[in-house]
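In: Take this sequence and fold it.
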Amino acid sequence: MALAKEELIKLYRSMVRIRTFEETVAELYWEGKTPVFNIAAGPIPGEMHLYSGEEAIAIGVCAHLRPDDFVAGTHRSHGHLIAKGGDLKRLMAELFGKKTGLCQGKGGHMHLFDAALHFGCGGIIGGGIPHAVGAALAFKMQGRDNVAVAFFGEGAANIGAFHESLNLAAIWKLPVVFICEDNLYAISVPKAKSTAVRSNAERAAGYGMPGVQIDGMDVMAVYEAAGEAIARARRGEGPSLIECLCYRYRGHFEGDPQVYKPSGEEDEWRKKDPIPRFADRLIREGILTQADVERIQQEETSLVQQAVEFARQSPYPEPTEALQHAFV
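Out: Model prediction:
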């Protein structure tokens, strides 16, 4: 699938943006939480699940989506939202619990919502899978050519909602694409100890839909597979399942000791890092220079730092606002 120079650079820049955002959040998260860990301390309270290492998946998929297409994310969804076009300042403010955040500081990093981008995520494992099917059903009933995408981890492929969702999507031939981000571990449990099949892509056959396993560390491999699946959905030809093999460089959550990872495993996966890997390719093809790579990093760092300053300077919600936007 040929892409113009500008589009290739955009893919690269977007991955750099996500990585820079996530690594900055990692530093901010630990402010005030040492030497004795207190999950409520510092500018970013609560748990934190980061997307570093998996950027190629969100970018390769969302590059094909329109603002009015629906995306259901996961508990690790900063990357998905940024890839969909999310505002860095409002996202960062939400992590800080500030009134200027996407959810006025009430959702935190696992419960992000942007109505304008048709994006939502939550902390329930696999919870977004049936939501995407519901959105796809709505699109079909309305006669629209929109597509719904569900991101989820390989652990979520073992819950009932996954199988029920694929079955309904196939029966009703819905415009939904299921993206399994297989980062080897369901929290700390290796896939081999929790999943009977070698690849979750094999499960697609049981529901009469296409299923492929791809290199989730290669943005172009993701872009091509997602492009085919999304185009198929827009044509009214039904759902697809894409399993993306990837690796999270940080723990399941910040503070995770990661003792379950074998020695040397991360080093091997870092050799496949999607960002320098794609940069090397673009340099070889004469699309970028090393100076361009450095400039893009500086520009994205500046954007993220602006988001940090926005979040730090924004006000907290008033205590009485806790009673607003609540179901009673």
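
In: CA atoms for contacts and neighbours, from now on please.
Out: Fine.

In: excluding its backbone neighbours, what's nearest R277?
Out: Counting by Cα to Cα, 6 or more residues apart in numbering, D218 is the residue found nearest to R277 once chain neighbours are left out, at 7.8 Å.

In: no no, K33
Out: A41 (5.7 Å).

In: Could you count how many residues lie near the one you found?
Out: By other Cα atoms under 10 Å, 15 other residues sit near A41.

In: Next, please give the residue ranges for the helices of the stretch 1-150 of the chain.
Out: Under the criterion DSSP state H, counting those that start in this stretch, the stretch 1-150 of the chain contains helices at 5-29, 55-62, 78-83, 88-95, 128-141.

In: Which strands and helices lie in contact with the fourth one?
Out: When contacts are defined as 3 or more Cα pairs under 8 Å, 6 or more residues apart in numbering; DSSP states H and E, helix 88-95 sits against helix 290-313.

In: again, 10 Å this time
Out: Counting contacts by 3 or more Cα pairs under 10 Å, 6 or more residues apart in numbering; DSSP states H and E, helix 88-95 packs against helix 5-29, helix 78-83, strand 113-114, helix 290-313.

In: So which of the ones you listed is the most surrounded?
Out: Of the helices and strands packed on helix 88-95, the one with the most neighbours on average (mean count of other Cα atoms under 10 Å) is helix 78-83, at a mean of 26.

In: Wait, I296 touches I275, no?
Out: No - using Cα atoms under 10 Å, I296 makes no contact with I275, being 12.0 Å away.

In: which residues are common contacts for the two?
Out: Common contacts of I296 and I275, defined by Cα atoms under 10 Å, 6 or more residues apart in numbering, comprise Y12, R13, S14, V16.

In: and the residue nearest to R277, how many residues sit next to it?
Out: Burial of D218 is recorded as 23 neighbouring residues (other Cα under 10 Å).

In: From I39, how far out is it?
Out: For D218, the distance to I39 equals 35 Å [Cα to Cα, to the nearest Å].

In: right, and the helices of the stretch 1-150 of the chain - which one's nearest F327?
Out: helix 128-141 (19.3 Å; Cα to Cα).

In: now that closest one: how far from the chain's centre is it?
Out: Centre-to-centre, helix 128-141 and its host chain are 19 Å apart (Cα atoms, centre = their mean, to the nearest Å).

In: same check, this time on stretch 139-157
Out: 14 Å.

In: got the residue ranges for the strands in the stretch 51-200 of the chain?
Out: 70-72, 113-114, 119-120, 148-153, 176-182, 185-186, 189-190 (DSSP state E, counting those that start in this stretch).

In: what's next to the second one, contact-wise?
Out: With contact meaning Cα under 10 Å, 6+ apart, strand 113-114 is reached by 72-73, 81, 86-87, 90-91, 102-103, 107, 119-122.

In: what does the average pLDDT come to for it?
Out: Regarding strand 113-114, the rounded mean pLDDT is 96.

In: who does that strand pair up with?
Out: Here strand 113-114 is paired, per DSSP bridges, with strand 119-120 (antiparallel).
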